Every structure is written in C-alpha cells, then in structure tokens.
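Chemist: Below are the sequence and a predicted model; questions follow.
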Amino acid sequence: MLQYWWMIPLGFALGLLGTMIGAGGGFLLVPLLLLLYPHAEPETITSISLAVVCANASAGSLSYARMKRIDFRSGLLFAAASVPGAILGAFATQWLPRSTFDILFGATLIILASALLWKSTRPRPPAPTSLGLTPDTHRLGTYSLRTGLAISAGVGFISSVLGVGGGIMHVPALVYILDFPVHIATATSHFVLAITAAVGTIVHLATGAFEHGARRAIMLTIGVVLGAPLGARLSKKVGDRWIVRALAIALLLAGFRLIVLGVSGHPTPGNVPPPAPQPAAIPVQATQRAR
C-alpha cells in the first residue's frame with residue numbers, strides 16, 4: 001500500500017477543490033485516474049471513484065444534517081429511485097470497452113466544463129436568510145414527485161456508470177426543475193449521493209472489481225476527508241469564479257484528450273489483439289526419421 005502514498009496529497013487537493021466549488025471530487029478524480037492508468041479497466045476506475053465519493057458524501061451529509069439543511073423525506077424517496085439505476089450502472093460499466101468509456105467520459109467532461117463556464121458568468125444568488133429546515137418542514141407536495149423520481153433514477157444510473165458524484169447533475173435539476181432552494185438542494189443531493197455511491201461500491205465489491213483498486217481508494221479517501229473541511233472554509237474567503245473557469249478549461253482539455261485516446265484505440269487489456277499463432281515445432285526425432 002505504501003507505493004500509493006502519493007495519492008493522499010492528490011485526494012487532499014481533490015477534496016479541497018471539489019468542496020470549494022461545491023461540485024464534489026468525483027468528476028475530477030475519474031479523468032485523472034483514466035490518464036494515470038491508461039490500461040486499467042473502466043470498472044476498476046469507477047469502483048475507486050465511487051468509494052471515495054461515498055466517503056466524501058457521507059462525511060458531508062453528517063455536517064449538513066447538523067445544520068438541518070437536508071430534506072430527509074424527499075431524499076429517501078430520491079435515493080430509492082436512484083438505487084436501481086446505480087446497480088444497473090455498476091454492472092453496465094463492466095460491459096463497456098475502455099475506448100468507448102474514454103469517449104463517453106470525454107464527451108461528458110466537455111459538457112460539464114461548458115456548464116461550469118456558463119455558471120461562472122452568472123451572478124450569484126443572494127444568500128438565504130435561513131439555512132435550516134424545521135423538524136416538521138419538508139418539500140413533499142410542493143413539486144412533482146414523479147418528475148423528481150425520474151430525474152433521480154437517471155442521475156443514479158449515469159453517476160454509477162461514470163463513477164462520478166451525481167451532485168453536479170442532481171443539484172441543478174432540483175433547483176431549476178423542482179424549485180428547491182439552493183442550500184436545501186445541495187444538502188439533499190449530497191445525502192442521496194452518499195446512499196447511491198454506497199450501493200454502487202457494494203456492487204463492485206460483490207463482482208470483485210473493487211479488489212484491484214481498494215488500496216488506492218483508501219489512500220485517496222484519507223486525503224479527501226482531510227481536504228474537504230479546508231475547502232469548505234476557504235469557499236467563504238476565496239473568490240471561486242476564476243477557480244471554476246481554470247478548472248473548466250482543464251476539464252475541456254482532459255475531455256478532448258480522452259476522446260483522442262478513445263478514438264485512437266490505445267491498447268488495453270480489453271482490446272489488445274491476441275498474439276499470432278506460431279507454427280508448431282517439429283520434434284527432432286521426427287526430422288531424423290524423415291532423413
């Protein structure tokens with residue numbers, strides 16, 4: 001495990017940056033792992049990322065719960081809708097060739113980076129006057145539950161296939177489609193993510209995919225758990241617009257790089273052609289008899 005010690009500072013940086021911009025570290029971790037390990041299978045990459053995302057989301061949910069920002073009733077319903085998609089997504093990853101996965105994730109990164117650039121140009125919403133939910137207050141009945149469940153099912157599948165946190169997709173849907181307040185949407189989505197990432201990790205454990213990445217996941221988790229609280233504190237002091245823009249440009253470059261790798265068909269264990277058959281050796285005794 002000591003050969004992966006350098007992943008602790010990497011996890012620290014991911015936890016700090018992801019928490020600072022409020023998007024989690026999963027969509028940053030997966031492209032890094034894809035570029036660092038070009039021969040790894042997609043299920044190994046996603047199993048590492050989901051385990052780290054699960055630890056980060058669980059720690060964040062505890063903090064949000066103390067602040068009474070989680071709508072637990074809606075969150076449990078959304079999680080129930082996300083779980084089947086998360087299970088299917090974890091299995092689907094095993095059927096994706098690495099080149100296809102690289103192209104799919106590269107395209108996703110380009111879309112996310114474009115959304116981040118657009119978001120960085122928008123004015124910030126005013127801070128809410130009250131950050132908490134009273135024990136008997138919830139959002140059920142104020143939005144279309146069917147729409148919310150459908151959104152959660154889709155986010156659960158996509159986030160599990162790609163191994164990223166669904167917050168970057170779930171939070172905008174809760175805010176702009178279901179009219180959740182931003183502070184409630186962020187916390188509730190975090191709670192749902194902790195559950196769906198845990199389910200995806202369990203599936204990878206059951207299939208044996210996590211076995212190859214367990215040590216790396218542990219080291220990354222240590223770093224993420226240390227970096228996330230600092231990112232939360234810095235988010236109140238550091239202007240994040242230029243951070244978001246720089247991050248979006250980096251994601252654009254990584255996305256294009258992954259697409260190029262996927263199209264070029266770099267050799268991986270899943271697509272290396274079998275060696276050409278060699279002619280059978282002729283026994284020495286047989287050649288002597290022929291003479």
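Modeler: Thanks, I have the structure now. Numbering: from 1, shown residues only.

Chemist: Break down this structure into its helices, ranges please.
Modeler: Remark: helices assigned in the chain by DSSP state H are 7-20, 26-36, 42-66, 72-92, 98-120, 145-162, 167-176, 182-207, 214-234, 241-264, 284-290.

Chemist: Please tabulate those in CSV and include mean neighbour count as additional columns.
Modeler: For the C-beta atoms, the positions are set from N, CA and C on the backbone; glycine is no exception. Formatted as CSV, the helices of the chain follow (neighbours: other CB atoms under 10 Å):
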stretch, mean neighbour count
helix 7-20, 22
helix 26-36, 23
helix 42-66, 24
helix 72-92, 21
helix 98-120, 19
helix 145-162, 21
helix 167-176, 21
helix 182-207, 24
helix 214-234, 20
helix 241-264, 17
helix 284-290, 8
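
Chemist: now those in CSV, with mean pLDDT?
Modeler: As requested, these are exported to CSV (pLDDT from 0 to 100):
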stretch, mean pLDDT
helix 7-20, 81
helix 26-36, 81
helix 42-66, 84
helix 72-92, 89
helix 98-120, 80
helix 145-162, 87
helix 167-176, 79
helix 182-207, 85
helix 214-234, 83
helix 241-264, 76
helix 284-290, 50
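
Chemist: For the residue nearest to S99 when sequence neighbours are not counted, which residues are in contact?
Modeler: With CB to CB, 6 or more residues apart in numbering as the criterion, S99 has its nearest non-adjacent residue at 4.5 Å, and that residue is G262. G262 is in contact with R98, S99, T100, F101, D102, I103, G106, counting by CB atoms under 8 Å, 6 or more residues apart in numbering.

Chemist: As CSV, those residues with distance to L50 would be great.
Modeler: Shown next, in CSV, are those (distance: CB to CB, whole Å):
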residue, distance to L50
R98, 18
S99, 21
T100, 19
F101, 14
D102, 18
I103, 21
G106, 19
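
Chemist: Out of those, which two sit at the greatest distance?
Modeler: Maximum pairwise distance among these (CB to CB): 12.2 Å, between R98 and G106.

Chemist: my guess is L116 contacts L252, does it?
Modeler: No - using CB atoms under 8 Å, L116 is not in contact with L252; the gap is 9.4 Å.

Chemist: Roughly how far does the residue nearest to S99 sit from L34?
Modeler: Applying CB to CB, to the nearest Å, the value for G262 to L34 is 10 Å.

Chemist: Can you check which residues contact both of those two?
Modeler: Joint contacts of G262 and L34 (CB under 8 Å, 6+ apart) are F101, D102.

Chemist: Might you calculate how far stretch 4-18 sits from the centre of the chain?
Modeler: The chain centre lies 15 Å from the centre of stretch 4-18; the measure is CA atoms, centre = their mean, to the nearest Å.
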